[in-house]
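Undergrad: Structure of the sequence below:
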Amino acid sequence: MWFWSEEEDSGEYEIFKQYERALVAIGVNFSLDGVQTALEDCTYGLEDALRRTIEYILWLQGQEREVFPNAILIRVLQEQWKPVAWRDEYMELPLLQSAGQRWWNAAVSKWGYDVRNRLVADVFYDNGQEFIQFTNGKEILVETAWHWEWERLLEYAL
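TA: As a prediction, this is how the structure comes out:
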């Protein structure tokens, strides 16, 4: 991954990973050069900036105003905005769940916890796409998994 790829053990990388899926779910495109540059240039206040971006976009959506997620993130990072009324519960909102998180939750209702946890190794991003990695070594795009029947996907995972 382009963002701190050599420093996956860094605190910044861990902070980024905490908010990545929520930001993607609300429309941030991390493959854009401007977004990458703003993130790489952010030397402090990363968590505050990511929280403020989410908080502000949720507020704009609540006001039914037009949202430009990439431009907002870039501005927030550059100007080091701070959260105004952040709540950790925001991260549990369905709106902030990625397609992979929604699939992960749906797999429980279709297969049960034990089967899902035995078959699914990870749900992850790679080059802007979200994948499911099964314990048998196979991978599938989350988007494809949603289009397949659950029985077909189960056979693939086995």
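Undergrad: Please give me every residue in contact with the residue positioned nearest the centre of the chain.
TA: Nearest to the centroid of the C-alpha atoms of the chain, with distances taken as C-alpha atoms, centre = their mean, sits R21, at 0.9 Å. Counting by C-beta atoms under 8 Å, 6 or more residues apart in numbering, R21 touches L96, Q97, S98, G100, Q101, Y125. To be clear about C-beta, it is placed using only N, CA and C from the backbone, and glycine gets the same treatment.
Undergrad: Out of those, which two sit at the greatest distance?
TA: For the contacts of R21, the farthest-apart pair by C-beta to C-beta is L96 and Y125; their separation is 15.0 Å.
Undergrad: ok, A107 to W146 distance?
TA: Here the criterion is C-beta to C-beta, to the nearest Å. By it, A107 lies 11 Å from W146.
Undergrad: which residues in the chain form helices?
TA: 11-25, 33-41, 46-62, 69-79, 99-111, 113-119, 142-147, 150-157 (DSSP state H).
Undergrad: Tabulate those (TSV), appending mean pLDDT and distance to Y90.
TA: Listed next are those as TSV, based on pLDDT from 0 to 100; distance: least, C-beta to C-beta, whole Å:
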stretch	mean pLDDT	distance to Y90
helix 11-25	87	8
helix 33-41	92	20
helix 46-62	96	6
helix 69-79	97	15
helix 99-111	91	14
helix 113-119	96	25
helix 142-147	95	22
helix 150-157	96	30
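Undergrad: what's the burial count for T37?
TA: Residues lying near T37 (other C-beta atoms under 10 Å) number 13.
Undergrad: correction: T144
TA: So T144, with other C-beta under 10 Å, has 12 neighbours.
Undergrad: try A25
TA: Number of residues near A25 (other C-beta under 10 Å) recorded here: 20.
Undergrad: do the same with the one 4 residues further on
TA: Neighbours of N29 under the rule other C-beta under 10 Å: 14.
Undergrad: quick one on the thing from earlier: who wins on neighbours among the contacts of R21?
TA: Of the contacts of R21, with other C-beta under 10 Å as the count, G100 tops at 24 neighbours.
Undergrad: For the closest residue in space to R75 that isn't next to it in sequence, list the residues it contacts.
TA: Using C-beta to C-beta, 6 or more residues apart in numbering and skipping the chain neighbours, the partner closest in space to R75 is W81 (7.8 Å). Contact analysis of W81 by C-beta under 8 Å, 6+ apart lists D48, A49, R52, T53, Y56, R75.
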